[in-house]
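S.K.: Quick one: sequence and predicted model below, then my questions.
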Amino acid sequence: MDNLIPAPVRLNDQGRCAFLLDRSTKITAQAGTESTERWLRSTLGAAFGLPLAPGREGAGHAIQLRLDPTLEPEGYRLSTTLDMGVVINGGSPAGVFWGAQTLRQLLGPDAFRSAPVSPGGKTVIPYTDIEDSPRFPWRGLMLDVSRHFLPKDDVLRYLDLLAAHKLNVFHFHLTDDQGWRVEIKRYPRLTEVGAWRDRTKYGHRASELWDETPHGGFYTQDDIREIVAYAAERHIRVVPEIDIPGHSQAAISAYPELGNTDVIDTTALSVWDTWGVNPNVLAPTDTTLRFFEGVFEEILDLFPADTSPFIHVGGDECPKDQWKESATAQARIAELGLAGEDELQSWFIRHFDTWLTARGRRLIGWDEILEGGLADGAAVSSWRGYAGGIAAAEAGHDVVMCPEQQVYLDHRQDGGPDEPMPIGYVRTLEDVYRFEPLPPGLSEAAARHVLGTQANVWTEVMQNRARVDYQVFPRLAAFAEVAWSRLPAPAERDFADFERRMATHYARLDALGVDYRPPGGPLPWQRRPGVLGRPIEGAPPNV
Ligand code: ACM
């Protein structure tokens, strides 16, 4: 039983069988815990073919879901006793849900299947007493659905995979140069034009290969509402990202007036079909500001404040070459009395910070938004190492640590020749296990501004769900333990024990149908011989 991932704070394992899950087992759910009741019925009920009918409060032989406000908000206590059954007390409805995730792991890998594989078999929950709560309140995964579109069902499946690892933030990278993925009713061309490209670079941008199949797709507004509701049911917050003022070629190809029309012929642009940092950025005009206010109005409607308090505006990798050449941009700099193009970017971001704050939301952006000054209340995703996060946290801004050197899961996970389309640093399962979100030297006050951490998955070299699975797993399991469990300092972490627990976890992932990278390396169909990556030690992938 001692094979939980992420590891709990305290586990008392008495090793005796205590509780048999069977047709007579009920679920009793206190008011407020209904989402977990529904989830247990739909997952464990399906996996074991059991009704798990509603039971009377206080009756025995049940899975009992309760709230206990003395526990930490996302904390829980799970106890199995002979007379009562399984009791999950949570500090909040989310805590109860994380306790239910632990219960599923206690029931063995078959609990991760969608239908019973041994009908009539005995499903035993060992006697146990677990106390648990997360280290960080922000435990996230960013998924880039722009470079390669992931159909809605794959997104819902990823939310289930996050929940299974007690991760609670889904950062949804919805727009980029290579595709606009969310329906915006007032600007239909964003998806009519911006969601499709004729062909796609196959491999790193230096590769000479092209996939000549048109690629695209987008989520309708109802798809988005469904994704948001599905996440909320699993106590996952969604952070939508609309990337501005860089990474915007898909939007400009749909509405050429958004680009720097006095520098290039923006009507000639199409959705970008290759990778890298793109010079075609938004023009700093009133037209652009009003346009994106319109976009964000619909985004705020789709992503309600209770589950999406943060709105991500990107802000990364915005080359300033066109602004340097643009008379319009230079006039704006002069009119605003700005020192240069960096301050123009800052002005752009501040505009949306003010706009979002006035509507009760908080802006978050990549650490470039620090350049030229950051508005109060804005938060930072620190991706270019720890430095941006440290500077932001020391200045009193909230920070999410996601340094590319450690937790970019698009980077290859082994130095061998068989990794598919290998890019970036070698970051093994053990490297991720030894990732520490709080860098040494951070003051105590600044450390309190580190909300947590997230792993990021950019999909340039991931054409479909199987490729995403391969890059994400098993490393997301190690990442989840870093984000949830109170692990010792990196060098003192017991990776051998984590690997031991992974033996069971691989069986869970098998039951879930996850195409993870096996410990021995890629299977023949997971390799991509002859497709160029960029396996240069020490270099970021986009160089
Ligand atoms: C990033 O990786 N450009 C945030």
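M.R.: Yep, that arrived. Nothing here was measured: the structure is a model prediction, and the numbers come from that model.
S.K.: Give the next helix or strand downstream of the lowest-mean-pLDDT helix or strand in the chain.
M.R.: In the chain, no helix or strand scores lower on mean pLDDT, DSSP states H and E than strand 10-21, which sits at a mean of 78. With elements assigned by DSSP states H and E, the helix or strand that comes after strand 10-21 is strand 26-29.
S.K.: Show me what that following strand pairs with in its sheet, parallel or antiparallel.
M.R.: Each strand paired with strand 26-29, and its direction, by DSSP bridges: strand 53-54 (parallel), strand 62-67 (parallel).
S.K.: Columns mean pLDDT on top of the ones you listed, output as CSV?
M.R.: Formatted as CSV, the strands paired with strand 26-29 follow (pLDDT from 0 to 100):
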stretch, mean pLDDT
strand 53-54, 96
strand 62-67, 96
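S.K.: most tightly surrounded among the ones you listed?
M.R.: Highest mean neighbour count of those: strand 62-67, a mean of 23 (counted as mean count of other Cβ atoms under 10 Å). Heads up, the C-betas are built off the backbone N, CA and C, glycines and all.
S.K.: what residues does it touch?
M.R.: Strand 62-67 is touched from outside by 25-30, 32-33, 36-37, 40, 52, 55, 57, 84-93, 96, 100, 103, with contacts defined as Cβ atoms under 8 Å, 6 or more residues apart in numbering.
S.K.: Buried ones among these?
M.R.: Buried subset of those (neighbour count, 16 or more other Cβ atoms under 10 Å): 25-30, 33, 36-37, 40, 52, 55, 84-93, 96, 100, 103.
S.K.: And the strands in the stretch 251-400 of the chain, which stretches?
M.R.: Secondary structure of the stretch 251-400 of the chain (DSSP state E, counting those that start in this stretch): strands at 310-314, 362-366, 379-382, 399-401.
S.K.: Output the below-cut-off pLDDT ranges for this protein.
M.R.: By pLDDT under 70, the weakly predicted segments of the chain are 1, 14-17, 536-543.
S.K.: Give me every residue in it lying close to the ligand.
M.R.: 316-317, 366, 383 (Cβ under 6 Å from any ligand atom).
S.K.: farthest-separated two in those residues?
M.R.: Using Cβ to Cβ, the pair of the residues of the chain next to the ligand lying farthest apart is Glu317 and Trp383, separated by 10.0 Å.
S.K.: These two: which is more packed in?
M.R.: Trp383 (24 against 18; other Cβ atoms under 10 Å).
S.K.: ok, so what distance separates the more buried one from His148?
M.R.: 20 Å (Cβ to Cβ, to the nearest Å).
S.K.: what residues are up against the nearest residue to Val472 once chain neighbours are set aside?
M.R.: Nearest residue to Val472 in three dimensions, chain neighbours excluded: Leu409, at 5.3 Å (Cβ to Cβ, 6 or more residues apart in numbering). Taking Cβ under 8 Å, 6+ apart, we find Leu409 in contact with 427, 455-457, 471-472, 475-476, 479.
S.K.: Same question for Gln463.
M.R.: Taking Cβ under 8 Å, 6+ apart, one finds 148, 200, 211 in contact with Gln463.
S.K.: ditto for Gly91
M.R.: Gly91 touches 67-76, 133, counting by Cβ under 8 Å, 6+ apart.
S.K.: Apply 6 Å and report the result again.
M.R.: 71-73, 75 (Cβ atoms under 6 Å, 6 or more residues apart in numbering).
S.K.: and of these, the nearest to Ala206?
M.R.: Pro73 (47.4 Å).
S.K.: What's the local residue count around that closest one?
M.R.: 14.
S.K.: do the same with Tyr425
M.R.: 20.
S.K.: So it sits against His411, correct?
M.R.: Yes - because the distance of 4.9 Å satisfies Cβ atoms under 6 Å, Tyr425 is recorded as touching His411.
S.K.: what sits against the residue found closest to Arg10 once you drop the neighbours it is linked to in the chain?
M.R.: Leaving aside its sequence neighbours, Arg10 sits nearest to Glu131 (Cβ to Cβ, 6+ apart; 4.5 Å). Contacts for Glu131 (Cβ under 6 Å, 6+ apart) come out as 9-10, 77.
S.K.: Tell me the buried residues within those residues.
M.R.: Of the contacts of Glu131, these count as buried by 16+ other Cβ under 10 Å: Arg77.
S.K.: wait, which of the contacts of Glu131 is closest to the ligand?
M.R.: Checking those against the ligand by Cβ to the nearest ligand atom gives Val9 as the nearest, at 32.4 Å.
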